[in-house]
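Trainee: My questions are about this predicted structure, shown below with the sequence.
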Amino acid sequence: MQGKTLSLPSILSGTSNQFLFTLIAPVPLCAALAASLESRIFSPEETGLRNIPLLDAGLTLLSTAVAAASALGVSAALNSPAASAAGRNAAFLVGLTLFSRSIIGRPAVMVPVAWIFCVVFFGYQNSQQPYFWTILPESSSNPYAAAVAVVALSAGLAAQIFWPPQPNETGEA
């Protein structure tokens, strides 16, 4: 996937833009993390002595750190700046997923995919210039994108700890 692009239409700019395949690399992490967090049995966890939200936050931080470290390793091994941006994008999309999960529950697993579609179809001013809100296509050295990724991950972790999704009537999330 290193350096592989696909030319996709941008609806707002009326041109096509080069979409890097590495932008979709964090989606499996977000999906696996959401599936792991949703695969719980609420009644035993509610009566347990362990602090489940903090353990979930630890799982989230650890998996995001492994993804970021892996992205940096691949970037160094292949001399690919796009690979290091994948670590930042993973943190951003995980945070977005967790924050959305506290509001909408299980459907939040689709939020990263929806974000990527929004970036592809609406996120470019012209064929090479993304809008500031897109975050994903920004270069790995962009401090604004890194700051937004940190804020998104922090907001997602806060939502995960303080506003976890509530179980529905059947005992599932």
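Mentor: Here it is on my side, so go on.
Trainee: Please count neighbours and contacts with C-alpha atoms only from this point.
Mentor: Noted.
Trainee: any low-confidence regions in the protein?
Mentor: 1-22, 40-50, 127, 166-173 (pLDDT under 70).
Trainee: what about the helices in it?
Mentor: Using DSSP state H, the helices found in the chain span residues 27-38, 42-47, 52-78, 81-104, 111-122, 143-162.
Trainee: I'd like those helices as CSV, with mean neighbour count and distance to T134 appended.
Mentor: Shown next, in CSV, are the helices of the chain (neighbours: other Cα atoms under 10 Å; distance: least, Cα to Cα, whole Å):
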stretch, mean neighbour count, distance to T134
helix 27-38, 18, 16
helix 42-47, 11, 36
helix 52-78, 17, 19
helix 81-104, 25, 10
helix 111-122, 18, 6
helix 143-162, 19, 9
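Trainee: Dump those into JSON lines; add distance to F132 as well.
Mentor: Shown next, in JSON lines, are those (distance: least, Cα to Cα, whole Å):
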{"stretch": "helix 27-38", "distance to F132": "21"}
{"stretch": "helix 42-47", "distance to F132": "40"}
{"stretch": "helix 52-78", "distance to F132": "22"}
{"stretch": "helix 81-104", "distance to F132": "14"}
{"stretch": "helix 111-122", "distance to F132": "11"}
{"stretch": "helix 143-162", "distance to F132": "8"}
